[in-house]
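In: return a 3D structure for these sequence lines:
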Amino acid sequence: MTTFEPDAKTLELPWRFTGREDELELVRRSLTAGHHGIVVTGPVGCGKTRLVTEAVRGSDRARAAGTPETRHIPFAAFAHLLPEAVSLHRAVQLLSGVRLLLVDDAHLLDDASAALVHQLAVHGRTRLIAVAADDVPYPGAISRLWTGELLPRLALEPLPREDTEQLLAAAVEGGLEPLTLNRLHHLCQGDLRLLRDLVDAVRERGLLTRLLPDSEAWAWRGPVPVTATVRERTAQVLERPRSDERRTLERLAFGEPLARHMDDFDLRILENLEADGLIRIDDHDDQDDQGTVRLAHPLHGPVLRAAAGRLRARRLARTPAQCAAALAAESTALTRRIEQADVRALPTPVGEWLVQEGAPVPAGYAAVRARFARLRGELREAAAWAGEGLRGAPGDASCSAELALAAAQSGDAAVAERAVEGWQGLEDPAAWLAAARGDVDGALAQLCDALDGMVQRYGEGGGRIAGVGGGRGAEGVTAGIAGLDGASALDGALALYDAVRLGAPEKVVDRLPADGVFALHADALARGDGPALDRAAEALEERGFLLFAAEAHAQAARAHRDPRAARTSRTRAVDLARRCQGARTPALSGLVLGELTARQRQIVTLAAAGLSNRQIAEQLTLSIRTVGNHLYSAYARLGASDRGALPWLVELPNAQPA
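Out: Next up, the predicted model:
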């Protein structure tokens, strides 16, 4: 195990501006001729100030900011721009000559400053960008900026996981492994300030390790560092004035990852904590059971445990052995959902807690968790779970098979080759390994061999499913699958369904269970029916099969005769594939780049590498407007909503030139 050792150079994190391209353009357009500015709101730490700073970079502007300490002082936010004693009328006159005014933390402005901002918006001579946090009381003059339709309002959502992953890839050389990414994303809940603070802390304290010798990605295991920012974000629980409420919060913190029954606590204390948004109640179907109670924010538990002291923590903390029954129940729930062909997100707090604590994860659980993630299209996460199982049980066949399947469908042939020897089950990593090399015909041949094995194991006779005259064997497989238990039946259906994903539905269209979503996809693809493929994709997405849905939409884009319908299918395919953590399958390959001109491909490639429109313009000796126009046209042809999808598109294998 390699531990990250910080030095003077690596402590400077290269946090680049990532994502928010559409929002960035919207803010910039609000400052052009005919517009008077914009109000940007969003949760604390979601990147509002960074967004507007990027938007006005290089512009001549004045800046003001509200603070909690000066809310009672008139014009405090503008003290550096105004004389010591000034009326509202005079302040408006003085600042009307400012071309661009950026007002940060507008929700903290004193009443006089808020009135000044409102009057500047009414006069319309100064372009305004106001930034305010959500879920806090606003001065009336500020809220009327958008309710009174003086300025448009841009409400920012937390940065999506995909963009957060890109941000962290730039911050930590080698990147972070998926389970660490999940942990950070879960803890920070979109708070980018907290995210940076935690990454800084785990780097500086040497908490980043490489779990595998041949891996470049870093992992974080162990406790959460209680930094100044973490304390600020958790002050509500750390500084609880009533000792009985603090003790209740601690009991909940040390009960994690399992929920505690409401019957174990004083109901009045729980009511107070729930009113303050510190706990949540999970109701049960049993009317006699009042439900269970958990801490509302994922950061509160780790912080309360860290602040409790070593001796108290040693007495109250759970051990992995105490969670064995809950882990088994979690594994059973995941298996049941897989058997039901329903892989919509399911909470797995016990398994995640084991990983975060750095405790061994049983191989059986790890294989089930990896398979669930793989079927959801979370391929890197699936490989990480399989790796966790292999750390404790090297050579485990189920974990090796899951690692091989996830790696092959991510296009990582080298990892798949090393793991494929441990294959166990009906789904064939060898077929996907051939597909990862670009040999789809070879992949189908490998699949046929695997299906032959199914005939021998479950069918009524020999014969080749994909070969001439293989009808009896194919029927034997179908009959054999129907007679299996839930898990094995789904194994068989997925093995047949691989032929659909590889583009040969005619080989198995009559062999899949007729009432399932996989048969719906196979039938639509065999008929070349674009609308039916889109319907199949929607059914797959509804059940959580995001990668399968992306593939079906991609196949629909090729089947549609209507160009507009094809673009819509392509858009959906790209959006879903972005969430599939680097999936590289034949159905997705060559999806879009073939529709671009040479200049558009050149610009798209540079944009995918992270260059801004200005940098692309300088490199290609073009105007920024020309670059923007080319990107806009490329988005329309690609079916992409923003440049966040471009890295995935550019890296697709087998893209055909225009």
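In: quick one: average confidence on the host helix or strand of residue 366?
Out: Using DSSP states H and E, residue 366 sits within helix 363-375. Helix 363-375 shows a mean pLDDT of 96.
In: now do stretch 440-449
Out: Per-residue scores along stretch 440-449 average to 81.
In: please enumerate the strands of this structure.
Out: Under the criterion DSSP state E, the chain contains strands at 2-3, 37-42, 62-65, 100-104, 127-133, 153-155, 208-210, 219-220, 260-261, 279-282, 292-295.
In: got these as CSV, with mean neighbour count columns?
Out: Quick note: C-beta positions are derived from backbone N, CA and C, even for glycine. Shown next, in CSV, are the strands of the chain (neighbours: other C-beta atoms under 10 Å):
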stretch, mean neighbour count
strand 2-3, 11
strand 37-42, 24
strand 62-65, 18
strand 100-104, 22
strand 127-133, 24
strand 153-155, 16
strand 208-210, 20
strand 219-220, 25
strand 260-261, 15
strand 279-282, 16
strand 292-295, 21
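In: would CSV of the ones you listed with distance to residue 28 and mean pLDDT be doable?
Out: What follows is these, written out as CSV (distance: least, C-beta to C-beta, whole Å; pLDDT from 0 to 100):
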stretch, distance to residue 28, mean pLDDT
strand 2-3, 43, 54
strand 37-42, 10, 94
strand 62-65, 17, 93
strand 100-104, 12, 94
strand 127-133, 10, 93
strand 153-155, 12, 93
strand 208-210, 37, 88
strand 219-220, 36, 93
strand 260-261, 50, 86
strand 279-282, 40, 88
strand 292-295, 41, 90
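In: so who does the residue positioned nearest the centre of the chain touch?
Out: Most central in the chain under C-alpha atoms, centre = their mean is residue 161, positioned 2.7 Å from the mean C-alpha point. By C-beta atoms under 8 Å, 6 or more residues apart in numbering, the residues touching residue 161 are 181, 185, 579.
In: before we move on, back to that, export the strands of the chain as TSV, with columns for distance to residue 320.
Out: Formatted as TSV, those follow (distance: least, C-beta to C-beta, whole Å):
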stretch	distance to residue 320
strand 2-3	23
strand 37-42	39
strand 62-65	47
strand 100-104	46
strand 127-133	39
strand 153-155	42
strand 208-210	19
strand 219-220	18
strand 260-261	18
strand 279-282	23
strand 292-295	20
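In: so which of those strands is nearest residue 516?
Out: Among the strands of the chain, the nearest to residue 516 by C-beta to C-beta is strand 279-282 (31.5 Å).
In: by contact count, what packs against that closest one?
Out: Where contact means 3 or more C-beta pairs under 8 Å, 6 or more residues apart in numbering; DSSP states H and E, strand 279-282 is packed against helix 267-275, strand 292-295.
In: can I get these in JSON lines with distance to residue 382?
Out: Written out in JSON lines, the entries for the helices and strands packed on strand 279-282 read as follows (distance: least, C-beta to C-beta, whole Å):
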{"stretch": "helix 267-275", "distance to residue 382": "36"}
{"stretch": "strand 292-295", "distance to residue 382": "27"}
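In: select, out of the ones you listed, the one closest to residue 620.
Out: Closest to residue 620 of those, according to C-beta to C-beta: strand 292-295, at 52.0 Å.
In: closest to residue 393 out of the helices and strands packed on strand 279-282?
Out: Nearest of the helices and strands packed on strand 279-282 to residue 393, taken as C-beta to C-beta: strand 292-295 at 31.3 Å.
In: list the neighbouring strands of the closest one plus their orientation.
Out: Strand pairing for strand 292-295, using DSSP bridges, gives strand 260-261 (antiparallel), strand 279-282 (antiparallel).
In: which among these is found nearest to residue 152?
Out: strand 279-282 (34.4 Å).
In: other residues contacting the closest one?
Out: For strand 279-282, contacts defined as C-beta under 8 Å, 6+ apart pick out 249, 252, 259, 262, 270, 273-274, 291-296.
In: please apply the same query to stretch 361-371.
Out: Residues contacting stretch 361-371 (C-beta under 8 Å, 6+ apart): 327-328, 330-331, 334-335, 338, 348, 351, 354-355, 382-383, 385-386, 388-393, 396, 398-399, 401-403, 406.
In: CSV for the strands paired with strand 292-295, including distance to residue 173?
Out: Formatted as CSV, the strands paired with strand 292-295 follow (distance: least, C-beta to C-beta, whole Å):
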stretch, distance to residue 173
strand 260-261, 41
strand 279-282, 38
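In: just to check, residue 357 is in contact with residue 221?
Out: Yes. Under the criterion of C-beta atoms under 8 Å, residue 357 makes contact with residue 221 at 7.0 Å.
In: ok, residue 604 to residue 598 distance?
Out: Applying C-beta to C-beta, to the nearest Å, the value for residue 604 to residue 598 is 11 Å.
In: got it, and residue 268?
Out: 71 Å.
In: and if you look at residue 260?
Out: In terms of C-beta to C-beta, residue 260 sits 62 Å off from residue 598.
In: ok, residue 203 next?
Out: 42 Å.
In: more crowded one of those two?
Out: Neighbours were counted for residue 203 and for residue 598 using other C-beta atoms under 10 Å; residue 203 has more, 20 against 9.
In: what count of nearby residues applies to residue 570?
Out: Using other C-beta under 10 Å, residue 570 has 23 other residues around it.
In: does it touch residue 558 like I think?
Out: No. Between residue 570 and residue 558 there is no contact under C-beta under 8 Å: 9.2 Å.
In: excluding sequence neighbours, find me the nearest residue to residue 296.
Out: residue 280 (4.9 Å; C-beta to C-beta, 6 or more residues apart in numbering).
In: swap that for residue 76, sorry
Out: Closest to residue 76 by C-beta to C-beta, 6+ apart is residue 70, at 3.6 Å.
In: and if you look at residue 528?
Out: Counting by C-beta to C-beta, 6+ apart, residue 559 is the residue found nearest to residue 528 once chain neighbours are left out, at 4.9 Å.
In: was I right about the one you found contacting residue 533?
Out: Yes. If you go by C-beta under 8 Å, residue 559 and residue 533 touch, sitting 5.9 Å apart.
In: who touches both of these two?
Out: Common neighbours of residue 559 and residue 533 (C-beta under 8 Å, 6+ apart) are residue 525.
In: of those two, who's got more company?
Out: residue 533 (27 against 20).
In: quick one: neighbours of residue 117, just the number.
Out: Residue 117 has 28 neighbouring residues, counting by other C-beta under 10 Å.
In: which residues does residue 352 contact?
Out: Contact analysis of residue 352 by C-beta under 8 Å, 6+ apart lists 179, 182, 183, 257.
In: and the residues you listed, which is closest to residue 618?
Out: When the contacts of residue 352 are compared against residue 618 (criterion: C-beta to C-beta), the nearest one is residue 182, at 37.6 Å.
In: for that closest one, give me its contacts.
Out: 352, 381.
In: got it, and residue 152?
Out: Per C-beta under 8 Å, 6+ apart, neighbours of residue 152: 30, 38, 39, 146.
In: output those residues in JSON lines; the columns should cover distance to residue 172.
Out: Putting the contacts of residue 152 into JSON lines (distance: C-beta to C-beta, whole Å) gives the following:
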{"residue": "30", "distance to residue 172": "34"}
{"residue": "38", "distance to residue 172": "33"}
{"residue": "39", "distance to residue 172": "34"}
{"residue": "146", "distance to residue 172": "38"}
